[in-house]
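# Here you go, sequence then predicted model.
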Amino acid sequence: MIRRAQKGRVLAWGVPILAEAAALGRSIAFAWAIGPDELGRAMMLALTVRLVEMASDLGADRLMLQARDGNSAALQAELQGAFVLRGLLGALVLLALAPVLAVLFADGPAASSYALLALVPLLRGLAHLDFRRAERGFRYGPMAVVEGGATLAMAAAILPAAAMLGDHRAMAWVLIAHAAALVGLSHAVSLRRYRLRVSIPSLSRVWRFGAPLMLNALLMFVTFYADRLIVASAYDWATLALYGVVLQLALLPAQVVGRAAGSLVLPRLRAALAQGQLHAVWPRLVTAHAGLAALLCLGFASLAAPVIALVYGADFRPDAALALAVGLAAGFRVLRTPFSQLAVATGRTGDPGRANLIRALALVPAAIAAGLGLPLAAIAAAAALGEAGATWRAWCLTLPRRPANRESFA
């Protein structure tokens with residue numbers, strides 16, 4: 001049992017690390033293959049897909065982990081039905097947005113490139129959720145096969161796509177390859193027959209659980225990506241590429257911690273709450289995340305400039321002020337992770353959104369700084385201030401920690 005738990009922890013951390021490393025490698029490969037301007041346009045395509053995914057995320061996979069009947073075949077069929085509807089909706093939204101985005105960013109990707117992205121949510125909506133169900137029993141092998149295999153497929157598609165297309169359009173095909181591989185592997189590792197069920201009660205249940213999470217996801221997009229849209233509108237594509245590279249490298253650890261927490265921390269908190277042992281688990285979780293946050297801030301502030309210049313080229317070297325501000329923003333995001341997981345575990349799914357609202361407000365000074373033509377460090381400083389405020393708000397919302405009468409206690 002101990003060996004199984006250790007293996008599970010390795011996989012739960014290893015797969016997100018692999019995924020984020022592949023995303024980093026993707027930007028490095030594109031930086032050298034298509035140059036800063038085209039990399040900026042490619043980042044815009046990736047941002048667009050991310051916006052639609054986050055705006056439609058009702059947390060169906062987290063409901064499977066958190067609900068008492070999460071292991072049932074009936075609930076799984078209902079959640080898979082919700083996934084299909086989400087994919088269809090996301091595809092339609094992308095098709096509708098394509099001409100609008102092409103007009104807003106006149107020298108950016110064409111409408112056809114944005115429209116091609118509709119295949120990404122459409123494919124992802126067909127995923128089999130058995131690999132997520134396995135995490136209820138702390139079995140992470142199926143997740144490793146599905147997410148790790150999809151990541152490798154994406155990595156394998158980067159150079160061929162860049163060689164054939166030679167510009168930002170390669171990003172769309174790389175994202176499609178990732179989605180197709182994820183869906184195929186999810187069905188390959190499944191134990192149950194793939195079933196879909198759509199009903200008003202089941203969709204209502206998913207909505208009640210996930211609506212606050214969806215609002216939080218929208219706020220997360222605003223806090224995580226919208227500053228890049230501000231940079232795209234106020235500066236040139238090469239500047240967006242620089243800012244995007246710095247943010248991606250700094251937030252990579254935060255992304256890894258957040259994804260690993262969904263597999264490790266959330267089930268652990270759910271079990272601790274059920275046993276009345278939260279007091280024995282919570283201080284260690286917060287202390288561990290605080291240590292990671294401090295290490296991230298110090299490491300990024302001191303190493304970012306030389307490492308980015310070495311890996312990406314001299315055109316991408318950030319100044320010290322930008323590296324420090326972005327490092328602080330990423331550190332506060334890591335520190336906020338356990339508070340967000342506790343909110344989900346206790347059914348208080350609106351708390352992360354309440355905290356991230358403060359982070360969203362930081363876009364106001366960021367937009368002002370961009371409008372005034374201030375250096376990128378000013379925009380990053382606004383982001384760091386917003387992350388600090390959101391973390392403080394998340395801490396306040398845990399006091400007192402009163403479980404809501406939501407899904408976890410249904």
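It's in.
# Now do Val15, the pLDDT please.
Looking at Val15, its pLDDT reads 65.
# Ignore what I typed, I meant Gly149.
In this model, Gly149 is scored at 90, pLDDT.
# Give the closest residue to it in space, chain neighbours not counted.
Nearest residue to Gly149, sequence neighbours excluded (C-beta to C-beta, 6 or more residues apart in numbering): Leu185, at 4.7 Å. (C-beta placed from N, C-alpha, C; glycine too.)
# Now for that neighbour: which residues touch it?
Val145, Val146, Gly149, Ala150 (C-beta atoms under 8 Å, 6 or more residues apart in numbering).
# can these go into a markdown table with extra columns for neighbour count?
What follows is the contacts of Leu185, written out as a markdown table (neighbours: other C-beta atoms under 10 Å):
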| residue | neighbour count |
| --- | --- |
| Val145 | 17 |
| Val146 | 27 |
| Gly149 | 18 |
| Ala150 | 25 |
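# out of the residues you listed, who's nearest Ala254?
Ranked by distance to Ala254 (C-beta to C-beta), the contacts of Leu185 are led by Ala150 at 20.9 Å.
# thinking the closest one is in contact with Leu175, fair?
No. Using C-beta atoms under 8 Å, Ala150 makes no contact with Leu175, being 10.9 Å away.
# Helix or strand: which one has the most centrally placed residue in the chain?
Nearest to the geometric centre of the chain sits Gln255, at 6.3 Å (C-alpha atoms, centre = their mean). Assigned by DSSP states H and E, Gln255 belongs to helix 237-275.
# so what secondary structure elements neighbour that helix?
helix 2-55, helix 60-66, helix 226-234, helix 278-312, helix 320-345, helix 376-397 (3 or more C-beta pairs under 8 Å, 6 or more residues apart in numbering; DSSP states H and E).
# for the third one, packing partners?
It stands for helix 226-234. helix 2-55, helix 237-275, helix 363-371, helix 376-397.
# tilt between it and helix 376-397?
Here helix 226-234 runs at an angle of 160 degrees relative to helix 376-397 (axes from the mean of the first three to the mean of the last three C-alpha atoms, to 10 degrees).
# before we move on, what about the fifth one?
With the same axes, to 10 degrees as the criterion, the two stretches helix 320-345 and helix 376-397 enclose an angle of 30 degrees.
# I'd like the mean pLDDT over helix 320-345, please.
88.
# I'd like the next helix or strand past that helix.
helix 351-361.
# And for Arg132, the neighbour number?
24 (other C-beta atoms under 10 Å).
# before we move on, what about the one 3 residues further on?
The local packing count at Glu135 equals 22, with neighbours defined by other C-beta under 10 Å.
# Three-state assignment for it, please.
Classification of Glu135 by DSSP: H, G, I helix; E, B strand; the rest coil places it in helix.
# can I see the domain layout of the protein?
Following automatic domain parsing, one finds the domains of the chain at 1-198, 212-403+406-410.
# Any chance of these in a markdown table with distance to Ser204 as columns?
A markdown table is the format used below for those (distance: least, C-beta to C-beta, whole Å):
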| stretch | distance to Ser204 |
| --- | --- |
| domain 1-198 | 11 |
| domain 212-403+406-410 | 12 |
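# show me the contacts for Thr239.
Counting by C-beta under 8 Å, 6+ apart, Thr239 touches Gly40, Val231, Leu376.
# Same list, those residues, but as JSON lines with distance to Leu218, pLDDT and neighbour count please.
Converted to JSON lines, the contacts of Thr239 look like this (distance: C-beta to C-beta, whole Å; pLDDT from 0 to 100; neighbours: other C-beta atoms under 10 Å):
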{"residue": "Gly40", "distance to Leu218": "24", "pLDDT": "84", "neighbour count": "27"}
{"residue": "Val231", "distance to Leu218": "20", "pLDDT": "84", "neighbour count": "23"}
{"residue": "Leu376", "distance to Leu218": "24", "pLDDT": "88", "neighbour count": "24"}
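# Relative to Arg359, which of these is nearest.
Once C-beta to C-beta is applied, the member of the contacts of Thr239 that ends up nearest Arg359 is Val231, at 16.9 Å.
# Correct me if wrong: the closest one contacts Ile379.
Yes. Contact status for Val231 versus Ile379: in contact at 6.7 Å, counting by C-beta under 8 Å.
# which neighbours do these two share?
By C-beta under 8 Å, 6+ apart, Val231 and Ile379 have these common neighbours: Tyr243, Ala370.
# before we move on, the earlier item: and the gap between the residue nearest to Gly149 and Ile17?
18 Å (C-beta to C-beta, to the nearest Å).
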